[in-house]
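Undergrad: got a sequence here, can you build the structure:
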Amino acid sequence: MQEIVNRAKELLADGTVKRVLGWKAGDLPYNPEPAYFEKEEDLEEFVYNGFCGANLSKYMIEASKMEGKTLVFLKPCDTYSFQQLMKEHRVDREKAYIIGVGCKGKLDIEKIRKMGIKGIKSIAGAKLEDAAETLTFETLYGEKEVPYKDAMLERCHVCKGKDHMIFDEIIGESKETKDGDRFAEVERIEAMSPEEKFAFFQKELSKCIRCNACRNVCPACSCRKCVFDSNKFDSAQKANVDSFEEKMFHIIRAFHVAGRCTDCGECSRVCPQGIPLHLFNRKFIKDIDELYGEYQAGADLEERGPLTSYQLDDAEPGIVAERS
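TA: Got it, this is the predicted structure:
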């Protein structure tokens, strides 16, 4: 982390960048948050560890409108989102100095809590440079240990890879974390009966409190004005007046990002209710792969998305309808 901080100070000092976009320490050891740093001394609060799961790509939409360049730190998975935003002309590459940072998997505090770990005072083993395979928690109730991999976010177990899609320089090495099938959970739900599927999603979506956290954090949700903020019809209401309202929000949002979602998993990470929202997007990704050929949003700047281009061998509408 010190190498990252030192490089950021150098780039600020020589005028290469006007500001730094990274993560700063929160009030607890497991809740760092995205932040801008405009002075070298501000970087004393900079932190980068296993709990820095936030994808900073979306913040670059506003940063692109500011004067001068912004230094942004992107993990390998974040670079897919940044590149997708470039394809959609939502971020300005000339306004960004990208340092790709290494990643050994990001941690899920909710998983850790479910393991019975509470009253956390300090954590060892979460830093990028730590070779430890174990997290050690100093708590109010004594010391506890858990394997690092058991505390990782779901998305890290099905990681797209540790290569940065776009960068100006790279600091830190990454560690392979993939140990699961990306579409295993989707296939499990597909195997359910229609009634079981409906019950599954009804149970999950009934938890939604319409806080809009998923939409606000999603890099693919980049419209200047969201349809759900419109006062021309009732979609702006946040209260779930009936069971249809709570489903409509998430289903429409999934359709809006279809073919553009990079599967960064931010929607599920920030959901305060723990709804596995990424499953909607991943189902769309799986269907697009099967109907139009494998495609990874954000992997290639030149390749057009399957839903925004036409090929003679595209699936006929009737085939799509049969698959419902």
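Undergrad: report the separation between the residue most central in space within the chain and residue 58.
TA: Computing the C-alpha centroid of the chain and ranking residues by CA atoms, centre = their mean puts residue 266 first, at 3.1 Å. Here residue 266 is placed at a distance of 8 Å from residue 58 (CB to CB, to the nearest Å). The way it works is simple: take the backbone N, C-alpha and C, and place the C-beta from them, glycine included.
Undergrad: now do the shared contacts for those two.
TA: 217-219 (CB atoms under 8 Å, 6 or more residues apart in numbering).
Undergrad: most neighbours, which of these?
TA: Neighbour counts for the shared contacts of residue 266 and residue 58 peak at residue 219, which has 29 neighbours (criterion: other CB atoms under 10 Å).
Undergrad: which non-adjacent residue is nearest that one?
TA: Closest residue in space to residue 219, ignoring its immediate chain neighbours: residue 81 at 3.9 Å, by CB to CB, 6 or more residues apart in numbering.
Undergrad: how far away is the one you found from residue 182?
TA: 17 Å.
Undergrad: more crowded one of those two?
TA: residue 81 (28 against 16).
Undergrad: the more buried one and residue 263 touch, don't they?
TA: No: with contact defined as CB atoms under 8 Å, residue 81 and residue 263 do not form a contacting pair (9.7 Å).
Undergrad: contacts only, for the residue nearest to residue 219.
TA: So residue 81 contacts 55, 57-58, 219-220, 262, 264, 298 (CB under 8 Å, 6+ apart).
Undergrad: one more pass at 7 Å, please.
TA: 55, 57, 219, 262, 264, 298 (CB atoms under 7 Å, 6 or more residues apart in numbering).
Undergrad: check residue 68 too.
TA: Contacts of residue 68 (CB under 7 Å, 6+ apart): 17-18.
Undergrad: 10 Å instead, please
TA: By CB atoms under 10 Å, 6 or more residues apart in numbering, the contact set of residue 68 is 15-19, 95.
Undergrad: likewise for residue 213?
TA: Applying CB under 10 Å, 6+ apart, the residues near residue 213 are 266-267, 269-273, 277.
Undergrad: what ranges does the stretch 51-200 of the chain have for its helices?
TA: Secondary structure of the stretch 51-200 of the chain, counting by DSSP state H, counting those that start in this stretch: helices at 59-63, 76-87, 109-114, 154-157, 184-190, 194-205.
Undergrad: what comes up buried for the first one?
TA: When you say that, I think you mean helix 59-63. Using 16 or more other CB atoms under 10 Å as the test for burial, helix 59-63 gives 59-61, 63.
Undergrad: do the last one as well
TA: Buried residues in helix 194-205, counted by 16+ other CB under 10 Å: 201, 204-205.
Undergrad: which of the residues in stretch 271-284 are classified as buried?
TA: Residues of stretch 271-284 classed as buried by neighbour count (16+ other CB under 10 Å): 271, 275-284.
Undergrad: between those, which is nearest residue 73?
TA: residue 278 (22.8 Å; CB to CB).
Undergrad: just give the nearest non-adjacent residue to the closest one, would you?
TA: Residue 278 sits nearest to residue 268 (CB to CB, 6+ apart), 4.5 Å away.
Undergrad: what of residue 119?
TA: Excluding the flanking residues, the one nearest residue 119 by CB to CB, 6+ apart is residue 140, at 3.3 Å.
Undergrad: out of the helices of the stretch 51-200 of the chain, which comes closest to residue 291?
TA: Residue 291 lies closest to helix 184-190 among those, at 14.3 Å (CB to CB).
Undergrad: what comes into contact with the closest one?
TA: Contact partners of helix 184-190, identified using CB under 10 Å, 6+ apart, comprise 154, 157-158, 181, 183, 196-197, 200-201, 276, 278-287.
Undergrad: okay, that helix in PDB with CA atoms only?
TA: What follows is helix 184-190, C-alpha atoms only, in PDB (Å, rounded to 0.1, in the frame of the first residue of the first chain):
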ATOM      1  CA  ALA A 184     -23.800 -22.700 -11.200                       C
ATOM      2  CA  GLU A 185     -26.300 -20.800  -9.200                       C
ATOM      3  CA  VAL A 186     -28.200 -19.700 -12.300                       C
ATOM      4  CA  GLU A 187     -28.400 -23.300 -13.500                       C
ATOM      5  CA  ARG A 188     -29.700 -24.400 -10.100                       C
ATOM      6  CA  ILE A 189     -32.600 -21.800 -10.400                       C
ATOM      7  CA  GLU A 190     -33.200 -22.700 -14.000                       C
END
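Undergrad: how about that helix: buried residues?
TA: Result for helix 184-190 [16+ other CB under 10 Å]: buried residues 185-186.
Undergrad: stretch 143-154 too?
TA: For stretch 143-154, by 16+ other CB under 10 Å, it's 144, 146, 148, 151-154.
Undergrad: off-centre distance for that stretch?
TA: From the chain centre to the centre of stretch 143-154 is a distance of 20 Å (CA atoms, centre = their mean, to the nearest Å).
Undergrad: quick check: mean pLDDT across that stretch?
TA: Averaged across stretch 143-154, pLDDT comes to 95.
Undergrad: show me where this protein has its strands.
TA: Ranges of strands in the chain, per DSSP state E, are 19-24, 33-37, 70-74, 96-101, 120-124, 134-139, 142-147, 169-171.
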